[in-house]
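1. Have a look at this prediction, sequence included:
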Amino acid sequence: MKQSQYNDPSNTATSTLTFIKQAPIGYMLSAPIIYGMIIPLSFLDITLTLYQHICFRIYNIPLVKRSDYIVIDRHKLSYLNPIQKLNCVYCGYGNGLIALAREILARTEQFWCPIKHLKKSKGAHKRGQAFAEYGDAHQWEEKRIPIRQKWD
């Protein structure tokens, strides 16, 4: 679909005041907790940025491109009210930041410890598929250096 179909002004947003009035009390009471997470998320963002720009350059690990992970665009939709737009910005930033963190840490693991875990975990990153098998010292020695050079 074309973007103009999404921004159809005839599809008007619920007014902000109506939106707030219709919100369950639990939503209103939990909002400061949800939005309070912006503090640790911002701290994570700053430290991840410093981490990769310093350490990745030292180890010749390709930098993770921020814009590939943090996508903020839903706030442009005319059918959302200002609170909904803010929610969309928050979620785009938060989820994108966690995805960015995941890739930065996956590359760190690939460089320093490319060994599969004995126990499989939910949501394991794709890079781990190429890691050495748990407990296989021969494979560790064989794969450790080549895997540090395969970033595609």
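-> Sure, I can see it. Numbering: from 1, shown residues only.

2. Quick check: buried residues in the longest helix seen in the chain?
-> Counting by DSSP state H, the longest helix found in the chain is helix 82-112. Using 16 or more other CB atoms under 10 Å as the test for burial, helix 82-112 gives 84-85, 87-88, 90, 92-94, 96-97, 100-101, 103-108, 110-111. Placement of C-beta: from N, CA and C, glycine included.

3. Contacts for the helix or strand hosting Pro32 next, please.
-> Using DSSP states H and E, Pro32 sits within helix 25-36. Helix 25-36 is contacted by residues 20, 90 when judged by CB atoms under 8 Å, 6 or more residues apart in numbering.

4. Next SSE downstream of that helix?
-> Defined by DSSP H and E, the subsequent element after helix 25-36 is helix 38-51.

5. And that following helix, what does it pack against?
-> When contacts are defined as 3 or more CB pairs under 8 Å, 6 or more residues apart in numbering; DSSP states H and E, helix 38-51 sits against helix 82-112.

6. orientation of the helix it packs on relative to helix 25-36 in degrees?
-> Put simply, helix 82-112 runs at 50 degrees to helix 25-36, going by axes from the mean of the first three to the mean of the last three CA atoms, to 10 degrees.

7. Distance from the chain centre to the very next helix or strand once past helix 82-112, please.
-> As assigned by DSSP H and E, the chain's next helix or strand after helix 82-112 is helix 137-147. Centre-to-centre, helix 137-147 and its host chain are 29 Å apart (CA atoms, centre = their mean, to the nearest Å).

8. Keeping just the C-alphas, turn helix 137-147 into PDB.
-> The C-alpha trace of helix 137-147 is given here as PDB (Å, rounded to 0.1, in the frame of the first residue of the first chain):
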ATOM      1  CA  ALA A 137      37.900 -28.600  21.900                       C
ATOM      2  CA  HIS A 138      39.200 -29.600  18.400                       C
ATOM      3  CA  GLN A 139      36.400 -27.700  16.700                       C
ATOM      4  CA  TRP A 140      37.000 -24.700  19.000                       C
ATOM      5  CA  GLU A 141      40.600 -24.500  17.900                       C
ATOM      6  CA  GLU A 142      39.700 -25.000  14.300                       C
ATOM      7  CA  LYS A 143      36.800 -22.400  14.100                       C
ATOM      8  CA  ARG A 144      37.900 -19.800  16.600                       C
ATOM      9  CA  ILE A 145      40.100 -17.600  14.300                       C
ATOM     10  CA  PRO A 146      38.100 -18.100  11.000                       C
ATOM     11  CA  ILE A 147      34.800 -17.200  12.700                       C
END
